[in-house]
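[1] following is a predicted model, sequence given first.
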Amino acid sequence: MSPSVRTRFAPSPTGYPHVGNMRSALFAWLFARHNGGVFIIRIEDTDVARKVEGAVEGILDGLRWLGLDWDEGPEAGGDYGPYFQSQRLELYQEAARRLVSQGDAYYCYCSPERLEEMRADQTRRKQPPGYDRHCRELSQEERSKKEKEGITPVVRFKTPLTGETRFHDIIWGDSVFKNSTLDDMVLLKSDGYPTYHLANIVDDHEMEITHVLRAEEWLSSTPRHVLLYDAMGYQPPEFAHLPMLLGPDRSKLGKRHGAVSITDYREQGYLPEAMMNFLALLGWSLDDRTELMSRQDLIDNFSLTRVSKTAAIFNPEKLEWMNGVYIRNLSPEDFLGRVLQALEEGLPSEVERPLSVDYVRQIAPLVQERVKTLVEVPLLTRFFFVDCLDYDVTLLIPKNMDAESTRRALEVSRQRLVELVSFDAEPLEGLLRPLAVELELKAGQLFGALRTAVTGQKAAPPLFETMVVLGRETCLARIEQALARLDSLE
RNA sequence: GGCGCAUUCGUCUAGCGGUUAGGACACCUCCCUCUCAAGGAGGAGAUCACCGGUUCGAAUCCGGUAUGCGCUACCA
């Protein structure tokens, strides 16, 4: 007996790691971890034509990034390998042969052209499309004739013509399908590769998968799978179909909806832990209020009974908010590490590398509560690193002021800053606030002019702290540059 | 066309016969404030797709309709 839960994520390496697939992986992983079970990765590379180079690596990277570790599968090994279906062809071919000899499957010699014609005809006559079972009852002579013609057949399942198939789904409950609505699906293609249906049930059985968690789009093919399990004499696993992920237009989430690859989110500066939390909430909830959950919280509380049946629209705005929360909750040291990397990647190439950790350490706390994604960090802090600021002169002139009054304010500020004994936040504030009064300006006006002069931006971290980090020399130089710009305006 | 499934604020959702239908994102207002954020306090937003039925009572149970989505490949 093996009471332990074994779940699997079985991606097909035909493209990038889609967030919808990653969500399925996450749920399977959470279910396994919650139950102290085993999480398996199996690569379903049975479609030679659609196979994409590097896709396996991309998917594995995505899983690793999210923190979904697997106990068996590529790189991890395991007792049920190999974990690539392309390395298990013998198994499927044997299963197909067995089904044929049992009378549960048959060889089909129909050409793609004939099938296409047949379907076209069916749609024209508004008939339900499906294989017409042309080869189901071929005689021995007819078969050998086709073989002599050199046609390699496919193996099709001999779906029962009558009766019904029922199965239970943990999330959707009981379903009944009439067998008459199912056609004879292909099990083994003419290239010797299995179709999803065959490979899937053979492997789920061989790998002793106890719970199949997969997207809702598979719900309609589950009766076929149940029929296959029966024909093979296998005990079917438990099924749990997950609600689909939709784009804002309510259609299946895809490329046209923007970022759909998990790697896009990594590149856009999202934290994997935020991504995991967000994805977990798409189709699952703990209660009526808990939203922020750590990886351990999720493992502890995940349950299939609280998975919803309705498709969810992927809402990037909420993800962004959640990412901001996670960034703010990072320890200063943790945030620093991520900032360092974001800066290395996002700062202009003329900035000297490697960056000074001590310098970045002073900057990080200034932006931690101001960014929602890591890619915003270099955008918001580039003035700390570049030599030459590039900005529109008019940004220097605060509201209700003109070039001349701005000039005067900056000039006086410059002089006082030169004389300031200690160039720290407190003294700076102690100097500049009264200076605003003296110049008959609002604090916001003076600070605004200085902010632009020193950072080149209208929105920036708090002024005094920023000036301290930049240092007196740089601040004075930048104020002088600002004055020069104002001069050139006239 | 056939089969299947779903339907609570714009979005994610709570709800499992009796609630002023709750929370979150986004939005709006105010407070805080040197900008931007963050934070605090409020606000608006759902006749629970629609129509019938069951019931003293329905978002919750049962029919039907509509809409949407999925499957209907030698793709997964």
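    Yep, that arrived. Residues are numbered from 1 along each chain as shown, chains lettered A, B, ... in the order given.

[2] for the closest residue to residue A:82 other than its chain neighbours, what are its contacts?
    The shortest distance from residue A:82 to any non-neighbouring residue, by C-beta to C-beta, 6 or more residues apart in numbering, is to residue A:88 (6.1 Å). (Each C-beta comes from the backbone N, C-alpha and C, glycine too.) Contacts of residue A:88 were listed using C-beta atoms under 8 Å, 6 or more residues apart in numbering, and they are A:82, A:199, A:202, A:203.

[3] kindly indicate which of those residues lies nearest RNA strand B.
    Closest approach to RNA strand B among the contacts of residue A:88 (C-beta to the nearest atom of the strand): residue A:199, at 7.3 Å.

[4] how far away is the closest one from residue A:389?
    Separation of residue A:199 from residue A:389 (C-beta to C-beta, to the nearest Å): 60 Å.

[5] how about the residue nearest the centre of chain A: what's its closest non-neighbour residue?
    Using C-alpha atoms, centre = their mean, the residue of chain A that lies closest to the mean C-alpha position is residue A:262, 2.6 Å off. Nearest non-adjacent residue to residue A:262, counting by C-beta to C-beta, 6+ apart: residue A:62, 4.0 Å away.

[6] same deal with residue A:355?
    Closest to residue A:355 by C-beta to C-beta, 6+ apart is residue A:343, at 5.8 Å.

[7] would that neighbour count as being in a helix?
    Yes. Counting by DSSP: H, G, I helix; E, B strand; the rest coil, residue A:343 is found in a helix.

[8] and it, how many neighbours?
    Number of residues near residue A:343 (other C-beta atoms under 10 Å) recorded here: 22.

[9] what does residue A:131 give?
    Burial of residue A:131 is recorded as 18 neighbouring residues (other C-beta under 10 Å).

[10] same question, residue A:168
    Residue A:168: 12 neighbours (other C-beta under 10 Å).

[11] ok, the one 4 residues further on next?
    A count of nearby residues for residue A:172, using other C-beta under 10 Å, gives 17.

[12] now do the contacts for it.
    Residue A:172 is in contact with A:219, A:241, A:309, counting by C-beta under 8 Å, 6+ apart.

[13] got it, and residue A:131?
    Residue A:131 makes contacts with A:108, A:110, A:115, A:118, A:156, A:183, A:184, A:185, as judged by C-beta under 8 Å, 6+ apart.

[14] tell me which of the residues you listed is nearest to RNA strand B?
    Distances from RNA strand B to the contacts of residue A:131, taken as C-beta to the nearest atom of the strand, are shortest for residue A:115 (5.2 Å).

[15] gap between the closest one and residue A:198?
    Distance of residue A:115 to residue A:198, given as C-beta to C-beta: 18 Å.

[16] pull the contacting residues for residue A:16.
    Residue A:16 is in contact with A:55, A:58, A:260, A:261, A:262, A:263, counting by C-beta under 8 Å, 6+ apart.

[17] for it, grab phi and psi.
    Phi and psi for residue A:16, reported as degrees, to the nearest 10, are phi -70, psi 160.

[18] now do the SS call for residue A:231.
    helix.

[19] the residue lying closest to it once chain neighbours are set aside: neighbour count?
    Counting by C-beta to C-beta, 6+ apart, residue A:104 is the residue found nearest to residue A:231 once chain neighbours are left out, at 4.2 Å. When neighbours are defined as other C-beta under 10 Å, residue A:104 has 18 of them.

[20] again, but for the one 5 residues further on
    The burial metric for residue A:109, expressed as a neighbour count using other C-beta under 10 Å, is 19.

[21] which bits of the stretch 51-200 of chain A sit near RNA strand B?
    A:110-112, A:115, A:119, A:126-131, A:154, A:172, A:175, A:177-178, A:181, A:183, A:186, A:189-191, A:193-196 (C-beta under 7 Å from any atom of the strand).

[22] just the buried ones among those residues, please.
    Neighbour-count burial (16 or more other C-beta atoms under 10 Å) applied to those gives A:110, A:131, A:154, A:172, A:175, A:177, A:183, A:186, A:189, A:193-196.

[23] so which of the residues you listed sit within strands?
    Among these, the residues falling in strands (DSSP state E) are A:154, A:175, A:177, A:186.

[24] where are the low-confidence patches of chain A?
    Residues of chain A meeting the criterion pLDDT under 70: A:1-3, A:490.

[25] and the residue of it most remote from its centre, how far from residue A:232?
    In terms of distance from the mean C-alpha position of chain A, residue A:438 ranks first, at 55.1 Å (C-alpha atoms, centre = their mean). Distance of residue A:438 to residue A:232, given as C-beta to C-beta: 89 Å.

[26] got it, and residue A:19?
    Counting by C-beta to C-beta, the gap from residue A:19 to residue A:232 is 34 Å.

[27] more neighbours: these two, which one.
    Taking neighbours as other C-beta under 10 Å, residue A:19 and residue A:232 compare with residue A:19 leading, 25 against 18.

[28] so that one touches residue A:265, yeah?
    Yes. Between residue A:19 and residue A:265 a contact is recorded at 7.4 Å, counting by C-beta atoms under 8 Å.

[29] can you list residues touching both of the two?
    Taking C-beta under 8 Å, 6+ apart as the contact rule, residue A:19 and residue A:265 both touch residue A:259.
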